[in-house]
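Asks: mind looking at a prediction? Sequence and model below.
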Amino acid sequence: MIEAIILVGGEGRRLRPLTDTRPKPMMPLVDRPFVAHQLDGLRRFGVTDVIFSCGYRPEALEQHFGDGTGIGMRLRYVVDPEPLGTAGAVKNAEPLLRGDRTLVLNGDILTDLDLASLLDHHVRVSAAGTLALTPVEDPSRYGLVRLHPDGTVAAFLEKPQPSELRDGKPFLINAGTYLLEREALDLIPDGAACSIERDIFPVLAAGGRLTGHPSDCYWLDIGTPESYLQAHLDVLAGAVCTEAPVGDSYVGDGTVITEGAVVDRGSTVGRGGHVGAGAIVRGSVIGDGAEVGSGARIEGAILGAGVTVGDEAAILPGSVISDGAVIAAGLELRDVTVATGARVHESPTQEGVRSGLA
């Protein structure tokens, strides 16, 4: 039996202000919260015992998922008393573990990683820890992982410079999914802030006990508005294996799309909303209960829950309109971020919309 820990303690700062009102794992992704996609993947693999290691707004997860009975899983929750880092969060959940092998997932990664293949590799090489690795074209934003010929981890390079890269080899980065034996967890100090990537993995690697498992599966960090929007497009396009609907668009229950309105090109519209006559929604995400006025145009944008967009307004690429914001009729906004609950009555400055004072 393998148990899983999902690390969901972060504040989701790169997704602010959308995460002002919900933790990042509870951000909707097509028809369900993001973290539900991770639970679906675990259940398909046969993992039904999951611990959420929480920090920011933990009540949102527990209120939605409960003890997991409704989805055929056993879900438990541990709340860090203070930020403990990735290793500290795992250690804080350790008392709930019954087995000696644990799967750890970062709570902001959308992937269809073959977990059976990861486990087979881990068992075959008798590692204390195995990292899922994914290739990227530009590793400068990530931690580059180098392997010995036998697959054990040779080195970690955090945000490498061009001079440190080796041409002709794939740039492999930590994909945020790990299999850990109790031996690895024993290295983590009790009750202290500690990074699994910086403090624990290098120790395992130095002893030849850490291995890497490269995979070319779908992989996306949803931590920015741009990648969050891309995740919706990819799920609807079937680029990643999920249990969500696939198609040109998705419209949630109870939402009214008025005759003459257009919702297409990978758009997602949440539940209980309204899209007015002649409105166009393309390549965008619109949250639950949003109201899009007649003749409005939403393209390449993200609108949170309960947003109101006036008639003939245009919300254009790069714009993020947070929960409950109101955009006046006829306005055109491009590449701006509107704060939670803001009322925007004229073309605002970026600073104004970020602070909600427009």
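Replies: Received it, and whenever you're ready, just let me know what you need.
Asks: what's the distance between residue 185 and residue 134?
Replies: In this view, residue 185 and residue 134 are 24 Å apart by CB to CB, to the nearest Å. Using the backbone N, CA and C atoms, a C-beta is placed for each residue, glycine as well.
Asks: poorly predicted segments of the stretch 251-358 of the chain, please.
Replies: 347-358 (pLDDT under 70).
Asks: thought residue 187 was touching residue 205?
Replies: No. Using CB atoms under 8 Å, residue 187 is not in contact with residue 205, being 11.7 Å away.
Asks: neighbour count: these two, which is higher?
Replies: Taking residue 187 and residue 205 together and counting by other CB atoms under 10 Å, residue 205 has the greater number of neighbours (23 against 20).
Asks: how near is that one to residue 127?
Replies: 10 Å.
Asks: return every residue with contacts to both of those two.
Replies: Any residue near both residue 205 and residue 127 by CB atoms under 8 Å, 6 or more residues apart in numbering counts here, and that gives residue 152.
Asks: can you list the low-confidence ranges for the stretch 51-200 of the chain?
Replies: Per-residue confidence of the stretch 51-200 of the chain (counting by pLDDT under 70) places the weak regions at 159-164, 166-169.
Asks: would you map the strands across it?
Replies: All strands of the stretch 51-200 of the chain, identified by DSSP state E, counting those that start in this stretch, fall at 74-79, 101-106, 109-111, 129-136, 143-147, 153-158, 171-181.
Asks: thinking again about what came up before, more crowded one of residue 185 and residue 134?
Replies: For residue 185 and residue 134, the more surrounded residue by other CB under 10 Å is residue 134, and the numbers stand at 25 against 21.
Asks: who does that one form a beta bridge with?
Replies: Assessed by DSSP bridges, residue 134 has beta-bridge partners residue 173.
Asks: okay, now residue 124: neighbour count?
Replies: Residue 124 has 11 neighbouring residues, counting by other CB under 10 Å.
Asks: now do residue 27
Replies: Close neighbours of residue 27, defined as other CB under 10 Å, add up to 22.
Asks: identify the residues contacting it.
Replies: 12, 15, 18, 19, 33, 34, 222, 228.
Asks: quick one: the helices in this protein, in order.
Replies: For the chain, the helices identified by DSSP state H occupy 34-45, 58-65, 85-93, 115-125, 182-185, 201-206, 225-237, 350-355, in order along the chain.
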